[in-house]
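*Asks:* Compute the structure for the input listed below.
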Amino acid sequence: MNKSELRLVESSTLNIEKLKLSPHSKVIVGVSGGSDSMALLYVLHRLQIDALVVHINYGKRGLESGKDQELVEGLAFEWGFECISISLDSNDAQNTNFQSWARVERYRIFRELKEVNNAEAILVAHHRDDQVETILQKLFRGSGVIAWQGMKVWDGEILRPFLEITKIEILDYCAQNSIPFRVDQSNLTSDYARNFLRNSFEPYLNKFFPGWEQNVLALADKGMVAEQAIQSILNEIAGKGSIELEPLLNYPKELRITLLKSYIESYTGITSLTKGQLLELNKLSKLESGKHIKLNSSYTLVKDRTLLIIKNNSSESLVSYQLSKKECVEGVFIKPFKLTIENQVNSEFALRMDNAQVNWPVTVRTWQDGDRFQPLGMIGSQKVSKHLMNLKVPTATKEKALVLCAPDGTIYATFFTDNIASHRIGTISDIVKCTEQTKEYLTINI
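*Replies:* Here you go, the predicted model:
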């Protein structure tokens, strides 16, 4: 076995072993028909890995695209693999960057097939030259230091067994083992950023800066160190879904934005924030409490008095329950609250109303803009939103606060789950306050 062949197989074997594949497990492998992916398929064949071969046909090269598909299907069958070919209409990428669109669609398909087949991982044939080009693109696009890490051999979902192997080594391996592959002629043009770097830019770097690839790859280690430092800071100032504002603002602007960006991406799974969003993040210190920045359709960053809170919009829903008097005599649980009718005071820290003043049935629901009630001891009414703000209820808690209403909409109480340590769970309306004549209590408690 020749040196490059030995290196490729041994390296790939070690990387695949990182998966710790369980018996009868399967992997998804993307195969285009080019030298890299065909070499990967052959390695999987030699290692007897159970793989579902997935070929994506974009149809951009007419008959040539068809020949790519034929090669992949034929070799997959010959080597004993199950194979799926999926055709996509490249016209769907109109008015967008085709490479970006194709990448999104490709990985969407891979992930769906991974889930359907209960596969352990997605395998792709990125190699060291691809890694160099990836880091260069991130540099030229102004990405932060953490992004200099480029691609990972194994990120918990995608495995890149060839990431430490050069393109030349892969081509040697194909030649030594007579592995057929197709050449995509469109890669020889410089229409796309990666092709431009490969065909037009890198030859000059090779001429004027010998060894430049190693210097670029060394940036990956710097990116890893930066990520560890950022995570260390976040461990001090961030919790589950929130970041302490005061210590965050003590850091310089660029570091502050990096901290926010890293935390948001790790907590929400958002892979990239726009430049506009990053500029908005830098203005957070000037925003009033309760103001927010929409991150995407599912997540919003809300400024509270001392915290920045990530709110998951998609997981929240409006609460509305209608309750009869009989149900409350028996006790009703609306997590984490219990509503009961009692004839004596059983808890010092419950919300207590005179049941004789309550019209049944009552409704428990999420408060809405415009809701008003008469807080205990107040003459006249006040908006629920204003009342909660005066109580300094945190924004995230305030938005989940509930109200107890009469059939005509009169609000008897507003209650929430914050500040348990101080035993404050809400406020009753003055119209249902208890007196010496109260014999029966409608009680809300945690």
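
*Asks:* Where do the helices of the stretch 251-400 of the chain begin and end?
*Replies:* Along the stretch 251-400 of the chain, the segments classed as helices by DSSP state H, counting those that start in this stretch run 253-268, 275-281, 325-330, 384-390, 395-398.

*Asks:* Distance to Gln437, mean neighbour count and mean pLDDT added to those, as CSV?
*Replies:* For glycine as for every other residue, the C-beta is placed from the backbone atoms N, C-alpha and C. Formatted as CSV, the entries for these read as follows, by distance: least, CB to CB, whole Å; neighbours: other CB atoms under 10 Å; pLDDT from 0 to 100:
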stretch, distance to Gln437, mean neighbour count, mean pLDDT
helix 253-268, 52, 17, 87
helix 275-281, 56, 14, 73
helix 325-330, 19, 14, 90
helix 384-390, 27, 17, 89
helix 395-398, 34, 18, 75
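
*Asks:* who wins for proximity to Ser100 among these?
*Replies:* Each of those has some distance to Ser100 by CB to CB; the shortest is helix 275-281, at 16.3 Å.

*Asks:* Could you find the closest non-adjacent residue to Arg128?
*Replies:* Thr166 (5.1 Å; CB to CB, 6 or more residues apart in numbering).

*Asks:* What of Gly30?
*Replies:* The nearest residue in space to Gly30 (CB to CB, 6+ apart) is Val124, at 5.0 Å.

*Asks:* Count residues in the vicinity of that neighbour, would you?
*Replies:* By the criterion of other CB atoms under 10 Å, Val124 has 24 neighbours.

*Asks:* how about low-confidence regions in this protein?
*Replies:* Applying pLDDT under 70 to the chain flags residues 1-6, 94-95, 186-192, 272, 274-275, 284-290, 297, 313-318, 396, 418-423.

*Asks:* what about 50?
*Replies:* Counting by pLDDT under 50, the chain shows low-confidence ranges at 315, 419-421.

*Asks:* which secondary structure elements does the longest helix seen in it contact?
*Replies:* The helix that spans the most residues within the chain, counting by DSSP state H, is helix 212-237. Packing partners of helix 212-237 (3 or more CB pairs under 8 Å, 6 or more residues apart in numbering; DSSP states H and E): helix 128-140, strand 242-244, helix 245-249, helix 253-268.

*Asks:* now the ones you listed as TSV including distance to Gly33?
*Replies:* What follows is the helices and strands packed on helix 212-237, written out as TSV (distance: least, CB to CB, whole Å):
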stretch	distance to Gly33
helix 128-140	17
strand 242-244	47
helix 245-249	49
helix 253-268	34
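
*Asks:* circling back: of the helices of the stretch 251-400 of the chain, which is nearest Gly62?
*Replies:* Across the helices of the stretch 251-400 of the chain, Gly62 has its closest neighbour in helix 275-281 (38.1 Å, CB to CB).

*Asks:* For the closest one, which outside residues touch it?
*Replies:* 257, 260-261, 273, 293, 295, 301 (CB atoms under 8 Å, 6 or more residues apart in numbering).

*Asks:* quick one: which two of those are the most distant?
*Replies:* Greatest spatial distance among the contacts of helix 275-281 (CB to CB): Ile257 and Leu295, at 13.9 Å.

*Asks:* export the helices of the stretch 251-400 of the chain to JSON lines and tack on distance to Gly150?
*Replies:* As requested, the helices of the stretch 251-400 of the chain are exported to JSON lines (distance: least, CB to CB, whole Å):
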{"stretch": "helix 253-268", "distance to Gly150": "16"}
{"stretch": "helix 275-281", "distance to Gly150": "21"}
{"stretch": "helix 325-330", "distance to Gly150": "60"}
{"stretch": "helix 384-390", "distance to Gly150": "47"}
{"stretch": "helix 395-398", "distance to Gly150": "36"}
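
*Asks:* for the ones you listed, which one sits closest to Arg198?
*Replies:* The minimum distance between Arg198 and the helices of the stretch 251-400 of the chain falls on helix 275-281, with 27.0 Å, by CB to CB.

*Asks:* Using CSV, write down the CA coordinates of the closest one.
*Replies:* Extracted as CSV, the C-alpha positions of helix 275-281 are listed here (Å, rounded to 0.1, in the frame of the first residue of the first chain):
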residue,chain,number,x,y,z
LYS,A,275,-24.8,42.9,10.2
GLY,A,276,-28.0,45.0,11.0
GLN,A,277,-28.7,42.8,14.0
LEU,A,278,-25.2,43.1,15.3
LEU,A,279,-25.4,46.9,15.1
GLU,A,280,-28.7,46.7,17.0
LEU,A,281,-27.0,44.5,19.7
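
*Asks:* quick one: that helix to chain centroid distance?
*Replies:* Its chain's C-alpha centre lies 18 Å from the corresponding centre of helix 275-281 when counted by CA atoms, centre = their mean, to the nearest Å.
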